[in-house]
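In: with the sequence up front, the predicted model follows.
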Amino acid sequence: MNSNMYADTPTARLPVTYPITAIVPHAGKMCLLDRPIEGDAESLSCEVTIREDGLFFSNGGVDGWVGIEYMAQTVAAWAGWRARLRGEAPRIGFLLGSRRYECSRPRFTLGQTYRIDVHRQFQADNGLGQFDCRIQLDGQVVASATLTVFEPTNAEEFLMGTTRE
C-alpha cells in the first residue's frame with residue numbers, strides 16, 4: 001500500500017464531536033464502529049475495539065473479511081458527518097464494491113483497538129464515489145482496499161425505482 005495515499009489531504013483535520021450513532025444510518029448492533037476521531041473535507045478516521053458482544057464476534061475475534069464493513073461504515077460516517085456540518089441528516093448509501101482488499105490477519109482480535117481511515121478519491125454529482133481505505137493497529141496497516149459507493153439523493157425513491165439517478 002502506498003504510504004503517501006493521504007499526502008494530498010488538507011492538514012486542517014477537525015475532531016468529530018458527534019457520537020457515531022448520530023452520523024451513520026446503522027442502528028443497534030448493526031453499527032460496528034465505536035467512535036469517530038477526526039476528519040476533513042476528504043477523509044475521516046474512526047475506531048473500533050473488538051468486543052465479545054460485537055455482531056460478528058466468534059472464536060476470539062472478528063473475521064478479517066469484516067474489515068470491508070468497517071471501511072464502508074467509516075465512509076458512511078464521513079458522509080454523515082459532512083451532512084451534519086451542513087445542518088442535514090445523514091442519508092443512506094450503498095457499498096457497490098471493493099477492489100484490492102488485502103488483510104494481513106485472519107481475524108481482528110478481542111480487546112484490540114483498530115483505527116479505520118478513509119479518503120475520498122472522487123465523488124460524482126450522481127452520488128457515485130470512490131474511497132481509499134485502510135485499517136491500522138498500533139500504527140501498522142493491517143488491511144486496505146478501495147471502495148466504490150453510491151449515495152442517491154433519495155434512497156427510498158431509488159430503491160422503489162421511481163428516480164432517474
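Out: Noted; the coordinates are in hand.

In: for the chain, which spans come out with low pLDDT?
Out: Judged against pLDDT under 70, the low-scoring parts of the chain cover residues 1-11, 155, 162-165.

In: and the helices in it, which stretches?
Out: Secondary structure of the chain by DSSP state H: the helices cover 67-85, 155-160.

In: mind putting those into JSON lines with mean neighbour count and distance to Tyr114?
Out: Quick note: C-beta positions are derived from backbone N, CA and C, even for glycine. What follows is these, written out as JSON lines (neighbours: other CB atoms under 10 Å; distance: least, CB to CB, whole Å):
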{"stretch": "helix 67-85", "mean neighbour count": "23", "distance to Tyr114": "7"}
{"stretch": "helix 155-160", "mean neighbour count": "13", "distance to Tyr114": "28"}
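
In: got these as CSV, with distance to Gly54 columns?
Out: Output for these, formatted as CSV (distance: least, CB to CB, whole Å):
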stretch, distance to Gly54
helix 67-85, 11
helix 155-160, 26
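
In: give me the neighbour count for Ser104.
Out: Under the neighbour criterion other CB atoms under 10 Å, Ser104 is assigned a count of 12.

In: next: Glu102.
Out: 13.

In: what sits against the residue nearest the centre of the chain?
Out: Against the mean C-alpha coordinate of the chain, by CA atoms, centre = their mean, the closest residue is Thr74 at 1.7 Å. Contact partners of Thr74, counting by CB atoms under 8 Å, 6 or more residues apart in numbering, are 33, 44-46, 116-118, 133.

In: and of those, the nearest to Ile68?
Out: Comparing those against Ile68 with CB to CB places Cys133 closest, at 8.5 Å.

In: a markdown table for the contacts of Thr74, including neighbour count?
Out: Shown next, in a markdown table, are the contacts of Thr74 (neighbours: other CB atoms under 10 Å):
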| residue | neighbour count |
| --- | --- |
| Leu33 | 22 |
| Leu44 | 27 |
| Ser45 | 22 |
| Cys46 | 30 |
| Ile116 | 26 |
| Asp117 | 24 |
| Val118 | 28 |
| Cys133 | 24 |
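
In: nice, that's everything, thank you.
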